[in-house]
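>>> I would like to see how this sequence folds:
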Amino acid sequence: MSLSLFIAKRIYRDTDGGKQVSRPAVLIAMTGIAIGLAVMIIAVAVVIGFKNEVRNKVVGFGSHIQISNFDALRSYETRPIVVGDSMLTALAAYPQVAHVQRYSTKPGMIKTDDAFQGMVLKGVGAEFDARFFREHLLEGEIPVFNDSVSSNEVLISKALATKLKLKLGDKIYTYYVQDDVRARRFTIKGIYQTNFSEYDNLFLLTDLAVVNRLNGWQPEQVSGVELQVRNYEQLEDITYRIATDTDNKADAFGGVYFVQNIQQLHPQIFDWLNLLDLNVWVILFLMIGVAGFTMISGLLIIIIERTQMIGILKALGANNFTIRKTFLWFAVFLIGKGMLWGNLIGLAFCLIQSQLKLFKLNPETYYVDRVPISFNLWFFLFINVGTLLAAVLMLLGPSFLITKIRPASSMRYE
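Take a look at the predicted model:
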């Protein structure tokens with residue numbers, strides 16, 4: 001064991017023991033480290049959890065990548081493209097693509113005896129992946145969707161059901177305006193709630209065959225095709241590769257294929273989510289700053305209190321570097337203890353919130369009904385290592401005070 005480390009341990013035990021003037025400063029320094037680290041862990045866990053929740057809901061409604069008609073951009077009144085079995089097979093053959101499904105949309109209106117509401121009827125086929133809606137299903141069940149036979153069953157959101165005073169099993173009449181007004185009656189088979197109002201207030205899910213018939217399209221014509229990818233981090237690369245093979249090609253009826261990923265379809269949502277990263281960095285810098293300054297004040301008090309000891313060590317032949325290293329080792333012990341408590345507090349909060357969901361949010365504002373938590377091991381390690389390094393580096397300057405202490409005067413210091 002080095003001399004610096006040995007002396008640092010003795011100082012730490014003596015100070016931790018309690019008769020020194022520096023004990024309050026040491027407690028404040030460790031408390032600052034603990035609170036700062038706990039806040040950083042909680043902030044990162046909450047922001048990552050919130051981003052994941054919102055992103056998953058956007059992707060749940062629209063998948064990762066959509067191929068549609070170029071002429072139908074920015075409109076729910078879509079123009080069709082031909083998506084036959086050969087195209088579905090070719091898209092599914094990409095190694096990065098996990099699932100492929102067709103969809104068609106038709107804007108219309110729901111009318112009851114005393115209310116009406118605009119909506120978009122979304123038709124899906126037998127290959128539809130219903131896991132997202134199954135996770136958010138409140139009542140009933142997911143209809144068995146079909147691309148050739150109509151079941152006249154729909155999946156409706158809780159928001160629309162509440163506005164129109166509808167319940168499971170009710171018959172609803174929907175109307176669509178083209179050259180004339182067309183009506184269609186459906187039975188509510190299931191009610192879902194995602195708390196994502198932008199979609200909950202808009203979409204009804206039914207059979208692909210119903211929507212295609214309302215649109216007057218040919219059997220292989222649909223509004224588009226949705227692709228789910230295996231790795232979201234590679235979304236841009238996958239989109240580019242599929243777009244290179246598909247974009248600007250015309251189908252048998254003159255429709256032009258156009259590829260977009262979910263970030264391009266909803267840039268305002270993903271730009272907003274990216275802004276949250278800035279908030280995290282601000283919190284990290286502020287908390288590290290607070291923890292660092294409390295450690296600086298604590299170390300300065302320890303150095304002043306140990307002035308006589310520093311003088312004796314210098315008189316015995318210890319150089320400034322050895323003594324500075326001693327107090328930096330001492331600071332590491334304090335930081336480590338503070339970080340231990342900070343980790344316990346932060347992880348305990350994350351665990352309690354993830355299991356008990358004590359802290360609620362307004363879903364109309366935040367799209368989630370409780371504070372979401374997502375624990376990432378790499379971010380956790382980064383915060384801990386970063387806090388330790390930042391705090392130690394901030395103490396290098398204050399430790400320079402040791403070089404100004406003279407043995408002759410310091411040994412008489414009281």
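
>>> need the helices for the stretch 201-350 of the chain, in chain order.
Assigned by DSSP state H, counting those that start in this stretch, the stretch 201-350 of the chain shows helices spanning 208-215, 235-246, 262-265, 267-305, 307-315, 320-356.

>>> Just give me the lowest mean pLDDT stretch among those helices.
Of all these, the minimum mean pLDDT falls on helix 307-315 (a mean of 81).

>>> Give the buried residues for it.
Within helix 307-315, the residues scored as buried using 16 or more other Cβ atoms under 10 Å are 307, 309-311, 313-314. Every C-beta, even on glycine, is put in place using the N, C-alpha and C of the backbone.

>>> tell me which strands and helices it is in contact with?
Packing partners of helix 307-315 (3 or more Cβ pairs under 8 Å, 6 or more residues apart in numbering; DSSP states H and E): helix 320-356, helix 407-410.

>>> Save those helices as a markdown table, and put in mean neighbour count too.
A markdown table is the format used below for the helices and strands packed on helix 307-315 (neighbours: other Cβ atoms under 10 Å):
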| stretch | mean neighbour count |
| --- | --- |
| helix 320-356 | 18 |
| helix 407-410 | 13 |
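
>>> So which of the ones you listed is nearest Val210?
helix 320-356 (40.2 Å; Cβ to Cβ).

>>> contacting residues for Ile48?
Counting by Cβ atoms under 8 Å, 6 or more residues apart in numbering, Ile48 touches 374, 376, 379.

>>> Next one: it from Leu168, what distance?
With distances taken as Cβ to Cβ, to the nearest Å, Ile48 is found 36 Å from Leu168.

>>> any idea which helix or strand carries Ala183?
Taking DSSP states H and E as the criterion, Ala183 maps to strand 181-192.

>>> Partner strands of that strand, with direction?
Strands flanking strand 181-192 in the sheet, each with its direction: strand 137-140 (antiparallel), strand 153-157 (parallel), strand 171-177 (antiparallel) (DSSP bridges).

>>> will you turn those strands into a markdown table that also has distance to Ser197, mean neighbour count and mean pLDDT?
Converted to a markdown table, the strands paired with strand 181-192 look like this (distance: least, Cβ to Cβ, whole Å; neighbours: other Cβ atoms under 10 Å; pLDDT from 0 to 100):
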| stretch | distance to Ser197 | mean neighbour count | mean pLDDT |
| --- | --- | --- | --- |
| strand 137-140 | 16 | 15 | 94 |
| strand 153-157 | 9 | 24 | 95 |
| strand 171-177 | 20 | 15 | 92 |
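
>>> hmm, back to that, got the contacts of Ile48 as a markdown table, with pLDDT and secondary structure columns?
Formatted as a markdown table, the contacts of Ile48 follow (pLDDT from 0 to 100; DSSP: H, G, I helix; E, B strand; the rest coil):
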| residue | pLDDT | secondary structure |
| --- | --- | --- |
| Ser374 | 90 | coil |
| Asn376 | 85 | coil |
| Phe379 | 90 | helix |
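
>>> Could you dump these into JSON lines and include distance to Ile191 and neighbour count?
Listed next are those as JSON lines, based on distance: Cβ to Cβ, whole Å; neighbours: other Cβ atoms under 10 Å:
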{"residue": "Ser374", "distance to Ile191": "27", "neighbour count": "17"}
{"residue": "Asn376", "distance to Ile191": "34", "neighbour count": "14"}
{"residue": "Phe379", "distance to Ile191": "37", "neighbour count": "17"}
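
>>> ok, back up a step: could you dump the helices and strands packed on helix 307-315 to TSV with distance to Val290?
Below are the helices and strands packed on helix 307-315 laid out as TSV (distance: least, Cβ to Cβ, whole Å):
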stretch	distance to Val290
helix 320-356	12
helix 407-410	31
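
>>> residues touching Arg102, list them.
Counted by Cβ under 8 Å, 6+ apart, Arg102 has contacts 83, 88, 124-125, 127, 147, 208, 222, 224-226.

>>> Highest neighbour count among these?
Neighbour counts for these (other Cβ atoms under 10 Å) peak at Val222, which has 30 neighbours.

>>> Tell me the spacing between it and Phe380.
44 Å.

>>> Would you map out the domains in the chain?
The record's domain parsing of the chain by automatic domain parsing lists 3-57+269-410, 80-254.

>>> Counting neighbours, which bits of stretch 282-299 end up buried?
Neighbour-count burial for stretch 282-299 [16+ other Cβ under 10 Å]: 283-284, 287-288, 291-292, 294-296, 298-299.

>>> Which helix or which strand is home to the residue nearest the centre of the chain?
Geometric centre of the chain, nearest residue: Lys51, 2.3 Å, by Cα atoms, centre = their mean. Lys51 is part of helix 23-62, with elements assigned from DSSP H and E.

>>> okay if I get the helices of the stretch 201-350 of the chain as CSV plus distance to Asn384?
Output for the helices of the stretch 201-350 of the chain, formatted as CSV (distance: least, Cβ to Cβ, whole Å):
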stretch, distance to Asn384
helix 208-215, 51
helix 235-246, 30
helix 262-265, 31
helix 267-305, 12
helix 307-315, 31
helix 320-356, 6
